[in-house]
Each structure stands twice: as C-alpha cells, then as structure tokens.
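Participant: one predicted model, sequence on top.
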There are 2 protein chains.
Amino acid sequence: MAVQANSEPRIPLSRDRVLRAAVAIADSDGLESVTMRRIGEALSAEAMSLYYHVANKNDLFDGIVDVLMAELNESVDRADGEPGDWKAAMRRRILTARQIMLRHPWAPRLLESRTTMRPAVVLYHDRLVGLMRSGGFSYDLAHHALHALGSRALGFSQELFDPSAGAVAQSDRMLADLADQLPNLVGMLSEIAHDDPESTLGWCDDQAEFEFSLDLILDGLDRLK
Amino acid sequence: MAVQANSEPRIPLSRDRVLRAAVAIADSDGLESVTMRRIGEALSAEAMSLYYHVANKNDLFDGIVDVLMAELNESVDRADGEPGDWKAAMRRRILTARQIMLRHPWAPRLLESRTTMRPAVVLYHDRLVGLMRSGGFSYDLAHHALHALGSRALGFSQELFDPSAGAVAQSDRMLADLADQLPNLVGMLSEIAHDDPESTLGWCDDQAEFEFSLDLILDGLDRLK
DNA sequence: CCCCAATTTCTTACGTCGTAAGGCTGCCTT
DNA sequence: AAGGCAGCCTTACGACGTAAGAAATTGGGG
C-alpha cells in the first residue's frame, strides 16, 4: 500500500506502544477485538510489523498481562504502609487490586487463559505471602491460603451465572417455566432479587458479595493460624 | 466430493451425535480442537451439515455444557440420599461433581466462557440451595454461599498458576533468578515443594487443596448460620 | 412401483484470523 | 562510499465460522 503519504513524522513502533494499544482496544471493544490487524491500524502500521516487537499472539497476551499487573502492583503498593494487622492489610491489597480489575473487564478472562506465570503475578503473590508470614502464618498455611483465595487474591472471582440484563431476563422466563422444578432458587430469588437493583457490574460479582466471600475466607484462615 | 462410495449404511446425524462427537474430541484433543470441520470428519460428514442440527458454534458449546451437566447431575443424584447433615451432603455432592470435572479437563474453561445459563447448571445449584435450606440456612445466607463457593460449587477452581511440568520448570528457573525479589514464595516453595510430588493433575489444583478450601468455606458458613 | 415433497446433506464461497517468507528502506558504522 | 542491519511492509497460506443455495436422500400416497 505504501500510504503514509501524509508527512506525519512516524513515531517508531515499540513493544510498549504495541502493548498499550492492545490494552486500549481491549478496554474499549473487548478482548476479542484485540487482533493483530486492529492493533496495527491503531498504530498506523501493518499487522506484520508488530511481529518485530512481539513474538506472536501468545507473547502479546503475556505482554498485556505485564502491563496490567504493573498498573496493579503500583496501585497496590501505593495503598500499602498504612497501619493494621495482616487481615486488614490483605483486605486492602486485594480490594485495591479489585479496583484495577473493574477498570479492565477483560482482565479476569485473560489471566485465567495464561498458562505461563508472569513475574509480576508471582511478585504480587509473594507480597501476599509476606503479609501472612508477618501475621504469624506458617508457610504451609499461607500456601493453603493462596489456593483458597484463588483468583480472589487478585480481586476477582469468576461467576458462573452472569447476572447481566439479557441473561437475567432469559432466566426469569426460564424460572417461570420451571418454577416447580427449581423451588429453592425461585424462593431465594424472589426474596433477594429486588433488594439491590443495580449493584452488579455485568462481568463481575457485585462488591458486597466479593467482600463477604473474602472475609469469610480470611476469617476462616485466621482461626486456623 | 461425494465420497461415501463405501456402501456403509450411513447413520443419520442428530444433535445428540454431534454433541457427543464434540465431547469426545474435547476429551482427547482439547477444546480448541473442537472445530466444525473436525466434528464433521469424526462423523464422516461435512462441516456444513452440522448446521442442520446445531444453530452455530455458540449453540454447539451450549449443547456440550448440557451433555456434561447431564452426566454430572446424574452422578451427583446417584451419590445422594446417604445420611449426614447439610455439610456432609454438600461436600459429597461437590466432590462428586469434581470427579466429573476431572474426567473433562476442558469443562471449567467452557463453563466459565458460557454467558447464557443452561437449565442443568441452574438445576444443580437449586439442589445445593435446597441442601442449605434444609440445613437451616436463610435464603440470604444461601445466596451468599453460592457466591462464596463460586465455581467450587461445581467441583473446580481456576488456578492462576498452572503447576504442570513445563510451567514449574520455567518458574523454578525464574525463582532462582529472582530469589531475592521473591523471598516469601521462595521460602514457601522450598518448604513445601517436594512433599507431595505427584498429586497435581495439571489443569486443576490437587485434591487436598480443593478439599481444604471447600471445608474452609463450608465451616465458615456453618458459623454464620 | 414410481413420483413428489420434505427433510437432510453437500458444494462453493466469503471474510476473518494468525503468521511464514522474503523484499524494501533508511540510518549507522567503518 | 559501501555495506549491514534494524524496522517496516507486501504477499500469501491455511485454518476458522458460516451464508447461500444446489444436490441427494427419505418417506408417503398414487
């Protein structure tokens, strides 16, 4: 094509620019819109040019995780240093991490899809173990704790039911049809459904449920200490 | 092409045959190998023929979930009826569900990817709520419990680190390099790593960790009852 | 039996994706 | 000045999901 006729002074590509463009696309249009050609377009370059800065799509996704986790670790470290016991410190750290995740709805799916461990993810968990150790945890219990928290340690929890608008509507109809087959859920939903009308955020569980579950686990660990 | 010269008596396609073929492919070669052309090949048919029995790939995946959950609900119901309080009953149900998940390593990823609720998934959770209700839970606490359990209710928990062979080897090298930057994890792993050599199953956390976390949550709920 | 209509399957084709292979260009060094 | 190499581009291939419509099969009524 050899466009570029417009005499813009061509900013050179770089891994960082590629990754940031990818994050921007994911933020605005979702992870499935993050495509080589689309990133190229955003950078006024050709898709194949990206391969000079990124080995392949897997490496690209790893890089996106790195960018995300850099932002997350920075925020989390900033929220650090305030007083409190291990439980308060972990709670603060995790809820701060959650803020970042809420800014990037694609992040949970991406993190779960990665098979290679990224240093920044490991580093985040190292700090969590540190907090637990200084709170009197044995290594063994801290290890159990990481498993028990799972993705909640990073501020999210995958929800099997997505209570977003469409899904709820569909499920309402279904529950009406199968009301007699699902007595317990029907009862539960009729009692709960309309109490917190708009606290859910689509992809994620709502904040109150997250905090409830987090505290349940932290308190449980406290008792085993 | 019009092969089929071989006068095999052509078994007609059906939604069920398509779905079962898809499950078989996922079991043997992974979810990413479940492709329209591949399913067709397995059934000696063309890819486009599948569309008469399945609306599109999304519908196909929904159908796979249905097949999976049918197997799961059947197993879970069979394990039912034995004595015990709500906690023992839920434990048994969930660990039975886990058995099915271990047979289908692709199931967690698939379930997390579905945005529409499938009836069989809802039904499974209805029974869980029923167990909790008969154990003295309020609807509100049962609701919290479902959130707290998350995917663990179905017998799995997504692990951020995949402790499979390759990843561990890579991480070992990384931990050696960054040992001073990750003091807590290095300490933890050196104490724990070689105690349970082969209890991990690759995609999933190992059984002991799962049960620890499950009991942590169930005990925590018990205390809130 | 044959014929017709409905059901089921196949053919062809399009647009999208990731990326292999290799060509062009301009700066940096000697 | 010449050569080299870093950076970017062109072209092309083989997957993928699936739209559109043609072909083949099947079952039922003369």
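Facilitator: Cool, the structure landed.

Participant: wait, what's in contact with A:D66?
Facilitator: By C-beta atoms under 8 Å, 6 or more residues apart in numbering or on different chains, the residues touching A:D66 are A:L19, A:R118, A:P119, A:A120. (Glycine included, C-beta is placed from N, CA and C.)

Participant: and the helix or strand in which it is found, what's buried?
Facilitator: Using DSSP states H and E, the element containing A:D66 is helix A:57-78. By 16 or more other C-beta atoms under 10 Å in any protein chain shown, the buried positions in helix A:57-78 come out as A:60-69, A:71-73, A:75-76.

Participant: and stretch A:97-114, by the same measure?
Facilitator: For stretch A:97-114, burial by neighbour count (16+ other C-beta under 10 Å) applies to A:97-98, A:100-101, A:104-112, A:114.

Participant: can you give me the helices for chain A?
Facilitator: Remark: helices assigned in chain A by DSSP state H are A:15-29, A:36-42, A:57-78, A:86-103, A:107-113, A:119-134, A:139-149, A:165-177, A:183-192, A:207-224.

Participant: quick one: the longest one to chain centroid distance?
Facilitator: Shown here is helix A:57-78, whose average C-alpha point lies 11 Å from the average C-alpha point of the whole chain (C-alpha atoms, centre = their mean, to the nearest Å).

Participant: excluding chain neighbours, what is closest to A:G187?
Facilitator: B:Y139 (6.2 Å; C-beta to C-beta, 6 or more residues apart in numbering or on different chains).

Participant: so that neighbour touches A:P183, yeah?
Facilitator: No - the criterion here is C-beta atoms under 8 Å, and B:Y139 misses it with A:P183 at 11.7 Å.

Participant: give me the more crowded residue out of the two.
Facilitator: B:Y139 (18 against 14; other C-beta atoms under 10 Å in any protein chain shown).

Participant: residues contacting the more buried one?
Facilitator: A:G187, A:M188, A:E191, A:I192, B:V129, B:R133.

Participant: got a pLDDT number for the last one?
Facilitator: According to the per-residue confidence, B:R133 scores 97 in pLDDT.

Participant: separation between the residue nearest to it when sequence neighbours are not counted and A:M48?
Facilitator: Leaving out its chain neighbours, the residue that sits closest to B:R133 by C-beta to C-beta, 6+ apart is A:N184, at 5.9 Å. Per C-beta to C-beta, to the nearest Å, A:N184 is found 56 Å from A:M48.

Participant: these two - which one has more neighbours?
Facilitator: A:N184 (19 against 10).

Participant: dump the C-alpha coordinates for stretch A:40-48 into CSV.
Facilitator: What follows is stretch A:40-48 as a C-alpha-only set of coordinates in CSV (Å, rounded to 0.1, in the frame of the first residue of the first chain):
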residue,chain,number,x,y,z
GLY,A,40,-1.6,-2.2,13.5
GLU,A,41,-4.4,0.0,12.4
ALA,A,42,-4.4,1.8,15.7
LEU,A,43,-0.7,2.5,15.3
SER,A,44,-0.9,3.3,11.6
ALA,A,45,1.2,0.3,10.9
GLU,A,46,0.8,-3.1,9.2
ALA,A,47,-0.1,-6.2,11.2
MET,A,48,3.1,-7.9,10.3
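
Participant: give the rounded mean pLDDT of that stretch.
Facilitator: For stretch A:40-48, the per-residue pLDDT averages 97.

Participant: close to DNA strand D, is it?
Facilitator: Yes - judged by C-beta under 7 Å from any atom of the strand, stretch A:40-48 and DNA strand D are in contact via A:G40, A:S44, A:A45, A:E46, A:A47, A:M48.

Participant: which residues touch the first one?
Facilitator: Residues near A:G40 by C-beta under 8 Å, 6+ apart: A:E46, A:A47, A:M48, A:S49, A:L50.

Participant: again, 7 Å this time
Facilitator: A:E46, A:A47, A:S49, A:L50 (C-beta atoms under 7 Å, 6 or more residues apart in numbering or on different chains).

Participant: swap in the last one?
Facilitator: In this structure, A:M48 makes contact with no residue, judged by C-beta under 7 Å, 6+ apart.

Participant: please determine how far A:R78 is located from A:Y124.
Facilitator: 14 Å.

Participant: let me fix that: A:K225
Facilitator: Applying C-beta to C-beta to A:K225 and A:Y124 gives a distance of 22 Å.

Participant: before we move on, what about A:I100?
Facilitator: 11 Å.

Participant: residues shared between the contacts of these two?
Facilitator: Common neighbours of A:I100 and A:Y124 (C-beta under 7 Å, 6+ apart) are A:L72.

Participant: please parse chain A into its domains.
Facilitator: Per automatic domain parsing, the domain ranges recorded for chain A read A:1-54, A:68-160+A:201-224.

Participant: pLDDT score for A:L128?
Facilitator: A:L128 is given a pLDDT of 97.

Participant: burial of it, as a residue count?
Facilitator: Using other C-beta under 10 Å as the criterion, the residues surrounding A:L128 number 24.

Participant: repeat for A:S151
Facilitator: Neighbours of A:S151 using other C-beta under 10 Å come to 19.

Participant: surely it meets B:L160?
Facilitator: Yes - with contact defined as C-beta atoms under 7 Å, A:S151 reaches B:L160; the gap is 6.0 Å.

Participant: picking that back up, got the residues of stretch A:40-48 next to DNA strand D as CSV, with distance to A:M90 columns?
Facilitator: Converted to CSV, the residues of stretch A:40-48 next to DNA strand D look like this (distance: C-beta to C-beta, whole Å):
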residue, distance to A:M90
A:G40, 42
A:S44, 44
A:A45, 43
A:E46, 46
A:A47, 43
A:M48, 45
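
Participant: for chain A, which residues are neighbours of DNA strand C?
Facilitator: A:V34, A:T35, A:M36, A:R37, A:R38, A:A47, A:M48, A:Y51, A:N56, A:K57, A:N58.

Participant: 6 Å instead?
Facilitator: Remark: the part of chain A in contact with DNA strand C comprises A:T35, A:M36, A:R37, A:R38, A:A47, A:M48, A:N56, A:K57, using C-beta under 6 Å from any atom of the strand.
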